[in-house]
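S.K.: mind looking at a prediction? Sequence and model below.
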Amino acid sequence: MNNIKIILITLLLCIPVRSYAQTEPESSDELYWQLSIGAYWVDLSLPELKGADSDFGGLNILADARVEYKNFYLRVKSGDFFGGADIGYQVWNDELQGVDVIYGHYQMGFSQQGYDEDGTIVPELAGIKERHQDQSFGLAYYRTFGQYEAAFELVYDAFGASDGWVLHAEATRSFELRNWDLWVNFGANYYSGNFIDYFYGVDSDEQSPHLPAYEVNGASSVFVQTQANYPIAVDWVFSTGASVLIGSSNVLESPLVESRYATAVFAGVKYVF
């Protein structure tokens, strides 16, 4: 990959976003949108692959976006690195709960160059086939519990190569503290054997003296994320946050994996349209 921005766009998975300036649409037939774009310093560490660089940092352009038309929606949050789907169709909802058809990405791909597609071949990964990011499609059930919004997603990698599924659950709370607008999100994932083995397993045609054949029989992860926004001028907002993801310990048995942790820390200024 040319720079961290491509990696971050890949990782920006979405949940319902708190409104900054727009009002809700009067009907589902109207086009409704919110958009803010900002310049952020981002320090991102991905789960470490053996021999490969997993730390990326620099100045990047990130966006918060919410677009709705009829029952279709696109929702992106700049501080959401490990959330769920970002594209969906609302099938049914009432005041407290609903069901959506969703599409999203739940695992990042890599190759024998590691996470950097334009890099040189990493000796420890030499000979492996490229693992493409999943293209998952499924259902989401969401419900409000007091001040929290909970979502449960079951998706299948319908348009990808893993032939596996993911169960994703998360809870979100947005609240205000003086002039700060705060967002907290936490949850967990379970990855089926086929899904996680596609990424971290080693097939017989990939094995070598330094890469023994290996099969992963399922895995899980937990994550927590937070973001704080503070208005500094008309239409300008200072934004900062952090995210942490911890994978299950069994993935460390893979000859491809060095660590099971991912973190993201960011700060910047954005313009709200």
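M.R.: Nice, I can see it. Since the structure is predicted, the reported quantities are computational estimates derived from the model, not experimental observations.
S.K.: contacts and neighbour counts: CA atoms only from here.
M.R.: Noted.
S.K.: now stretch 127-141, how far from the chain's geometric center?
M.R.: On the basis of Cα atoms, centre = their mean, to the nearest Å, stretch 127-141 is displaced by 12 Å from the centre of the chain it belongs to.
S.K.: list the contacts of it.
M.R.: Stretch 127-141 is contacted by residues 97-112, 151-162, 165, 198-199, 202, 206-207 when judged by Cα atoms under 8 Å, 6 or more residues apart in numbering.
S.K.: among these, the buried ones, what's the PyMOL command?
M.R.: Buried subset of the contacts of stretch 127-141, written as a PyMOL selection, criterion 16 or more other Cα atoms under 10 Å:
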select buried, resi 98+99+100+101+102+103+104+105+106+107+108+109+110+111+112+151+152+153+154+155+156+157+158+160+161+162+165+198+199+202+206
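S.K.: tell me who's in contact with residue 240.
M.R.: By Cα under 8 Å, 6+ apart, the residues touching residue 240 are 227-229, 265-268.
S.K.: the residue nearest to residue 152 when sequence neighbours are not counted: which element?
M.R.: Closest residue in space to residue 152, ignoring its immediate chain neighbours: residue 169 at 4.5 Å, by Cα to Cα, 6 or more residues apart in numbering. For residue 169, the enclosing helix or strand under DSSP states H and E is strand 165-177.
S.K.: paired strands for that strand, with orientation please.
M.R.: Sheet partners assigned to strand 165-177 using DSSP bridges are listed as strand 148-156 (antiparallel), strand 180-191 (antiparallel).
S.K.: for it, the averaged confidence score.
M.R.: Mean pLDDT, strand 165-177: 96.
S.K.: how about the CA coordinates for that strand, as PDB?
M.R.: Taking Å, rounded to 0.1, in the frame of the first residue of the first chain, the C-alpha atoms of strand 165-177 are listed here in PDB:
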ATOM      1  CA  TRP A 165     -18.700 -16.200   8.600                       C
ATOM      2  CA  VAL A 166     -18.300 -13.700  11.500                       C
ATOM      3  CA  LEU A 167     -20.500 -12.900  14.500                       C
ATOM      4  CA  HIS A 168     -20.000  -9.300  15.600                       C
ATOM      5  CA  ALA A 169     -21.500  -7.700  18.700                       C
ATOM      6  CA  GLU A 170     -21.000  -4.200  20.000                       C
ATOM      7  CA  ALA A 171     -22.500  -1.500  22.200                       C
ATOM      8  CA  THR A 172     -22.100   2.300  21.800                       C
ATOM      9  CA  ARG A 173     -22.900   5.300  24.000                       C
ATOM     10  CA  SER A 174     -22.600   8.900  23.000                       C
ATOM     11  CA  PHE A 175     -22.900  11.700  25.600                       C
ATOM     12  CA  GLU A 176     -21.800  15.200  26.300                       C
ATOM     13  CA  LEU A 177     -19.400  16.400  29.100                       C
END
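S.K.: the helix or strand containing residue 196: what's the following helix or strand?
M.R.: Assigned by DSSP H and E, residue 196 falls within helix 193-200. Counting by DSSP H and E, the next helix or strand C-terminal to helix 193-200 is strand 219-233.
S.K.: quick one: contacts of that following strand?
M.R.: For strand 219-233, contacts defined as Cα under 8 Å, 6+ apart pick out 79-82, 179-193, 196, 237-248, 250-251.
S.K.: how about a cut-off of 6 Å?
M.R.: The contact list for strand 219-233, computed with Cα atoms under 6 Å, 6 or more residues apart in numbering, reads 79, 180-191, 237-248.
S.K.: likewise for stretch 157-177?
M.R.: With contact meaning Cα under 6 Å, 6+ apart, stretch 157-177 is reached by 134-136, 148-156, 182-192, 194-195, 198.
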